[in-house]
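Trainee: using only what follows, build the 3D model:
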Amino acid sequence: MKTAVVILNWNTEGFLREFLPGLLHSCSKVSGAEVVVADNASTDGSLKVMAEEFPQVRTLRFEKNLGFTGGYNRAFAELAEGPDAPEHFLLINSDIEVPEDWLGPLVEWMDSHPECGACAPKLHSWQEKDMFEYAGAAGGYIDRFGYPFCRGRIMGRVEADKGQYDSPADVFWATGACLMVRSSVYRKLGGLDERFFAHMEEIDMCWRMQLEGWKVTVVPSSTVYHVGGGTLPATSPFKLFLNYRNNLLMLSNNLAKTYALALHHKGLGAEKAAAEGIRKAERKIRSRMFLDMVSASVYLLTLKTDCFKAVAKAHKEYRKQRLAPSGEEVAEYLKAWGDKARVNGIYRKWIVLSSMMKGSKVFGSVKAEDFHKI
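Mentor: Numbers count the residues shown, from 1 in each chain. Below you'll find the predicted structure:
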């Protein structure tokens, strides 16, 4: 097996029935590709559907819901055992419809670009086929406070795909809804950070990839169609909790190394760059937490008490779970990777404010010079 195409399923029997046949057909056209369904202890009829309607598909059954992070880590660990371990892992949601020719361009890109650690197709809306989809559009970036946005989507506004992002592009992150990862890189990084459970874990992994010299690329010759909201609806307080907590965990994981890397590129020694990087990261995270509490205050004033509680809980859990690198760890990182790593796609401004000021122009109004060069 060259490419393991893995659906991590949890209570989506309807999507399996609707979209798995097309996925199986398309993957049968690509040499060495195999579809695997990993089930996160579903309580609906998912396992019955797999046994009765798709008995030919390898199904991994987990005894409890391990989340997006734990589920994929366990699935890929099992698939990596033995002589038939895949070169590529491909994460794909059960609520994605694929055309026949979506997988080949991704495999070809990885084969011809050894510096690429992960790549992804363009993500379109299943409901409106010519529109980008919120979860990943044409590849993502983050702003100075860690808020993610995409080519084709900023905040809640999305663009129609008119070919404006039809050139391959190195990005800061690509969506975990459909993401191909070099298996050797995935294992070296330790996979997805299981503290996240779900949401933003792929952004964190893409950031960690770049910090070790790998590129993340969107391959626009491949497009898939995403339903979205298949597991947690956008209004879920639990989803809100995950997003707020995980965004802070992501900054804690990576921001100090990124600041230190930028300073090191400007000629500062490893120890001094590490100390200054940690100081800048801590200050930025405090600023982000302040902005979070402003959002929480708005929830409270508008009587959305569940949302207010979700943000407060997210901060409490973040303080318990954060594992920020020490000065020694950052300095050692710079000595190992300071001349090799480049981080692409951090916006110099605050994307929330920029979006409000620029209205419906969305990503088209963002210029290349608006990004940090690290």
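Trainee: okay, and the beta partners of Ala4?
Mentor: With DSSP bridges as the criterion, Ala4 is bridged to Glu34, Phe89.
Trainee: er, Lys215 I mean
Mentor: Under the criterion used (DSSP bridges), Lys215 bridges to Cys116.
Trainee: residues in contact with it?
Mentor: Contact partners of Lys215, counting by C-beta atoms under 8 Å, 6 or more residues apart in numbering, are His113, Glu115, Cys116, Gly117, Asp170, Met209, Asn344. (Each C-beta comes from the backbone N, C-alpha and C, glycine too.)
Trainee: ok, now how distant is the first one from Leu106?
Mentor: Right, His113. In this view, His113 and Leu106 are 11 Å apart by C-beta to C-beta, to the nearest Å.
Trainee: list residues touching both of those two?
Mentor: The contact lists of His113 and Leu106 share Cys119, where a contact means C-beta under 8 Å, 6+ apart.
Trainee: and those two? Which one has more around it.
Mentor: Leu106 (24 against 14; other C-beta atoms under 10 Å).
Trainee: which one is that one nearest to, not counting chain neighbours?
Mentor: Met180 (4.8 Å; C-beta to C-beta, 6 or more residues apart in numbering).
Trainee: equivalent analysis for Thr69, please.
Mentor: In space, Thr69 is closest to Leu192, 4.0 Å off (C-beta to C-beta, 6+ apart).
Trainee: now the one you found: how far from Phe76?
Mentor: 9 Å.
Trainee: which of those two has more residues huddled nearby?
Mentor: Leu192 (26 against 23).
Trainee: need the three-state assignment for that one.
Mentor: coil (DSSP: H, G, I helix; E, B strand; the rest coil).
Trainee: quick one, what contacts it?
Mentor: Contacts of Leu192 (C-beta under 8 Å, 6+ apart): Phe68, Thr69, Gly70, Tyr72, Asn73, Glu201, Glu202, Asp204, Met205.
Trainee: could you do Gly152 as well?
Mentor: Phe132, Ala137, Ala138, Val158, Glu159, Asp161, Tyr165, Val362, Phe363.
Trainee: how about the strands in the stretch 251-374 of the chain?
Mentor: Counting by DSSP state E, counting those that start in this stretch, the segments of the stretch 251-374 of the chain that form strands are 344-347, 371-373.
Trainee: can you add distance to Gly228 and give the ones you listed back as JSON lines?
Mentor: Shown next, in JSON lines, are the strands of the stretch 251-374 of the chain (distance: least, C-beta to C-beta, whole Å):
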{"stretch": "strand 344-347", "distance to Gly228": "23"}
{"stretch": "strand 371-373", "distance to Gly228": "27"}
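Trainee: buried ones in whatever helix or strand Leu47 lives in?
Mentor: For Leu47, the element it lies in under DSSP states H and E is helix 46-53. Buried residues in helix 46-53, defined by neighbour count with 16 or more other C-beta atoms under 10 Å: Ser46, Leu47, Val49, Met50.
Trainee: for that helix, C-alpha coordinates in PDB please.
Mentor: Extracted in PDB, the C-alpha atoms of helix 46-53 (Å, rounded to 0.1, in the frame of the first residue of the first chain):
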ATOM      1  CA  SER A  46     -22.100   2.800  11.200                       C
ATOM      2  CA  LEU A  47     -20.500  -0.600  11.900                       C
ATOM      3  CA  LYS A  48     -23.500  -2.400  10.600                       C
ATOM      4  CA  VAL A  49     -23.300  -0.400   7.400                       C
ATOM      5  CA  MET A  50     -19.600  -1.300   7.000                       C
ATOM      6  CA  ALA A  51     -20.200  -5.000   7.700                       C
ATOM      7  CA  GLU A  52     -23.200  -5.400   5.500                       C
ATOM      8  CA  GLU A  53     -22.700  -2.800   2.700                       C
END
